[in-house]
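J.: how does the following fold in three dimensions:
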Amino acid sequence: MGEFTMPSLGADMDEGTLVEWLVEPGAPIRRGDPVAVVETAKSTIEVECFESGTMGRPLVEPGTTVPVGTPLALIETAAGTRGKAGRARKPRKEPQGPPAPERTRPAEPAEPVRTREPVALEAPGHGHVEAGPLIRHLAEEGGVDLAALRGSGPGGRVTRADIERAAAAAPTARTPTARAPRARVTPLARRRAAELGVDLSSVAGTGKDAAIRAEDVSRAASGLAGAPSPPPRTTAAVRASRPSEDQAPAMRRAIARLMSRANRDVPHYYLSTTVDMAVPMDWLHDRNRRSPMSERLLPAALLLKAAALAAHEVPELNGFWTDDRFTAGEGVHLGVAVSLRGGGLIAPVLRGADTLELPALMSALKDLVSRARTGRLRGSEVSGATLTVTNLGDQGVETVFGVVHPPQVALVGFGRVVDRPWAVDGLLGVRPVVTVTLSADHRATDGAVGARYLTAVDRLLQNPEKL
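T.: Next up, the predicted model:
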């Protein structure tokens, strides 16, 4: 048995609020599947499960705020061992001794954790049928009438195999009382539908396997003429899934705590350089002229790729300062600072940014920014950054000196590409240039390492065809 716990989604996160369960007890889950929606001080995030198995009993109700590490639900794993966040513990060794006598009672079939006792269903002609919560759920999804089945398990219990066989034979064997499969609906979505008077049969689900989520219900309600207004947002469980003005004060406090700690504990040093962007901008304009609109690149794609490749070349700036020592990151995972419409910042992660081709990087960047601003990020997309990049060029800023986001050891800033007088080979002209800055942790590196990094960024940008 495993535990799905409140994850840590950043160094500044101490607690989170469970907003919504995305799967119901008894549902099968795979590693990486989104299981719940969690609200932090910065955003509302879909949190994935890190082990495969079957969803068990919820331990926390939606709307509850708990500290990081608190068990939120039980997960029945294939190995049947108990661990946290997908890490199963080794089974305890039993004392040596004579083998235990065989049990006289037939072994129970492997089933997920039960939330309540099996229900005995009266079956015509052969007494009753016993079925656990998962079996009832599978029968309902498959349109199978449990009362018409004779179970093959011990004591006549209906098993998963019985349901699958009956569902496969449904065209010829389904009884008139069998119900058609229903769309999956999350618990919060059911409550939201009841509050807003929305007919769930008319709602299209956008969750996994077309499951209906709370935001699907809210979207459907907004399109109904005369639909009742949403209830007051008195708890996290009834808030919209996108970052709102309600979150802004909490976000500012969270950012203030982290930045105060960073300024207090991290001995910063700062470097900057000005990069001639004439070559990369000419290459970019020429490429975009020859590309469909959907495949055109922004200058940000070049800057991010150069920052990632330079971090690969200078790994001393790509990693973490923990336990009084530096640990290099496994891969270059860029945290990209994104300003939210309701105020505040969040830094979703572009994983393996140094390995992404420019079109793929541009697509991933657009997707992350869009979902960051609508509260659709996943837990794996807001943690694990090895280096943060902030680009305020679109805000008109020319120079950015940021604060290192611990436990990272560096932050790269890009300003606006501007036209400036610039001498090339002794001749003065007007060229597009950008100011690149580096804020770094002096415990991990020094100015010489930082200078190597900025030099690498400049060199890489002068060869855009190799990015």
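J.: can you pull out the helices in the stretch 351-467 of the chain?
T.: For the stretch 351-467 of the chain, helices defined by DSSP state H, counting those that start in this stretch occupy the ranges 358-372, 447-461.
J.: likewise for the chain?
T.: 133-142, 160-168, 170-173, 187-196, 214-222, 248-265, 278-289, 299-313, 358-372, 447-461 (DSSP state H).
J.: find the residue at the geometric middle of the chain.
T.: In the chain, the residue lying closest to the centroid (Cα atoms, centre = their mean) is residue 378, at 1.2 Å.
J.: just to revisit the earlier point, now the weakest link among the helices of the chain, please, by mean pLDDT.
T.: Comparing mean pLDDT across the helices of the chain, the lowest value falls on helix 170-173: a mean of 48.
J.: can you check the pLDDT for residue 425?
T.: For residue 425, the predicted pLDDT is 91.
J.: now do it against residue 276, distance only.
T.: Distance of residue 425 to residue 276, computed by Cβ to Cβ, to the nearest Å: 12 Å. Every residue, glycine included, has its C-beta placed from N, CA and C.
J.: who has more neighbours, the two?
T.: Applying other Cβ atoms under 10 Å to residue 425 and residue 276 shows that residue 276 carries more neighbours, namely 17 against 4.
J.: beta-bridge partners for the more buried one, please?
T.: residue 433 (DSSP bridges).
J.: do residue 46 as well
T.: Applying DSSP bridges, one finds that residue 46 bridges with residue 37, residue 378.
J.: so what's it up against?
T.: The neighbourhood of residue 46, defined by Cβ atoms under 8 Å, 6 or more residues apart in numbering, consists of 22, 34, 36-37, 376-379.
J.: do that again at 6 Å, thanks
T.: 34, 37, 378 (Cβ atoms under 6 Å, 6 or more residues apart in numbering).
J.: the last one and residue 33, how far apart?
T.: Separation of residue 378 from residue 33 (Cβ to Cβ): 10 Å.
J.: got it, and residue 203?
T.: Residue 203 sits at a distance of 21 Å from residue 33 (criterion: Cβ to Cβ).
J.: cool, residue 316 as well?
T.: According to Cβ to Cβ, residue 316 stands 37 Å off from residue 33.
J.: same check on residue 362?
T.: Distance, residue 362 to residue 33, by Cβ to Cβ: 27 Å.
J.: what does residue 53 give?
T.: Going from residue 53 to residue 33 by Cβ to Cβ gives 10 Å.
J.: okay, those two: which has more neighbours?
T.: Counted by other Cβ under 10 Å, residue 53 and residue 33 do not tie: residue 53 has more neighbours, with 24 against 18.
J.: who's in contact with that one?
T.: 75-77.
J.: now residue 20
T.: 37, 62, 186, 188, 214.
J.: again, 7 Å this time
T.: Going by Cβ atoms under 7 Å, 6 or more residues apart in numbering, residue 20 touches 36-37, 62, 186, 188, 214.
J.: OK, contacts around the closest residue to residue 441 other than its chain neighbours?
T.: Using Cβ to Cβ, 6 or more residues apart in numbering and skipping the chain neighbours, the partner closest in space to residue 441 is residue 409 (4.0 Å). The contact partners of residue 409, taken as Cβ under 7 Å, 6+ apart, are 317, 319-321, 326, 440-441, 444-445.
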